[in-house]
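1. Kindly generate the corresponding structure for this input.
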Amino acid sequence: MRLPHWHSGLWQISLIAISLLAAATARAQVPALLLGQWEMHQISFVAHQTVTPDIMERMDNPEVGELNQEVAADVAHLRVEFRPDGTYRFTVQRLGQPDRLETGTYTVHANVLLAQSPGTVGGPSFDQQRLIQLNRRKLVVEFPVGQDLPGVMEEIEYRRVR
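-> Predicted coordinates for the structure are as follows:
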């Protein structure tokens with residue numbers, strides 16, 4: 001049985017409407033202020049609760065301190081670009097040499113950045129990061145450091161490049 005021409009047209013319109021709604025929903029999961037290029041300004045460790053002296057001492061991480069100094073001296077650059085299509089590109093350059101290139105997809109749910117980067121060893125850099133501050137000039141994210149520093153969060157501040 002052949003459907004009337006108008007019925008087939010309604011089906012196509014319905015598919016287009018569903019596609020547009022899905023695309024709008026996907027875009028709605030990305031805060032507009034997040035889009036663009038960001039460069040890391042500083043990494044910190046934060047404890048939202050009392051920690052032992054041993055953990056407090058380990059929070060003074062020399063590698064993080066060195067990276068912060070390199071960023072301040074303009075010899076290290078950690079940049080991420082969040083694109084409107086739900087993809088991102090993360091690059092690390094130290095002492096003028098490329099150190100890391102990561103690409104993937106991302107969404108934001110309940111102020112938590114969720115990312116996937118199937119080709120990245122160790123997983124995506126931006127998965128499970130909570131957006132602490134987001135405005136036109138500054139992005140601050142935080143995430144648990146892990147078992148090495150229980151109760152401690154790593155906090156990264158980015159500044160907008162463009």
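
2. mind checking the end-to-end distance for stretch 89-102?
-> Length of stretch 89-102, first residue to last, Cα to Cα, to the nearest Å: 6 Å.

3. That one: which residues count as buried?
-> By 16 or more other Cβ atoms under 10 Å, the buried positions in stretch 89-102 come out as 90-92, 102. C-beta here means a position set from N, CA and C on the backbone, and glycine is covered the same way.

4. Over to stretch 113-129?
-> 113-115, 117, 120, 124-127, 129.

5. what helix or strand does residue 71 sit in?
-> Following DSSP states H and E, one finds residue 71 within helix 62-72.

6. Just the CA atoms of that helix, as CSV, please.
-> What follows is helix 62-72, C-alpha atoms only, in CSV (Å, rounded to 0.1, in the frame of the first residue of the first chain):
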residue,chain,number,x,y,z
PRO,A,62,57.1,20.4,43.4
GLU,A,63,55.9,19.4,39.9
VAL,A,64,52.8,21.5,40.2
GLY,A,65,54.9,24.4,41.5
GLU,A,66,57.3,24.1,38.6
LEU,A,67,54.5,24.1,36.1
ASN,A,68,53.0,27.2,37.7
GLN,A,69,56.3,28.9,37.5
GLU,A,70,56.7,27.9,33.8
VAL,A,71,53.2,29.3,33.1
ALA,A,72,54.0,32.5,34.9
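
7. count of neighbours near residue 104?
-> 20 (other Cβ atoms under 10 Å).

8. again with residue 138
-> Residue 138 has 15 nearby residues by other Cβ under 10 Å.

9. Identify the residue nearest it in space, chain neighbours excluded?
-> Once flanking residues are discounted, residue 138 sits nearest to residue 159: 6.2 Å by Cβ to Cβ, 6 or more residues apart in numbering.

10. who's the one you found bridged to?
-> Residues in a beta bridge with residue 159, per DSSP bridges, are residue 39, residue 138.

11. Residue 75: which of the buried residues of stretch 113-129 is nearest?
-> residue 125 (20.2 Å; Cβ to Cβ).

12. The closest one and residue 143, how far apart?
-> Separation of residue 125 from residue 143 (Cβ to Cβ, to the nearest Å): 10 Å.

13. Next: residue 104.
-> Separation of residue 104 from residue 143 (Cβ to Cβ): 16 Å.

14. ok, the residue nearest to residue 138 - how many residues close by?
-> Residue 159: 13 surrounding residues under other Cβ under 10 Å.
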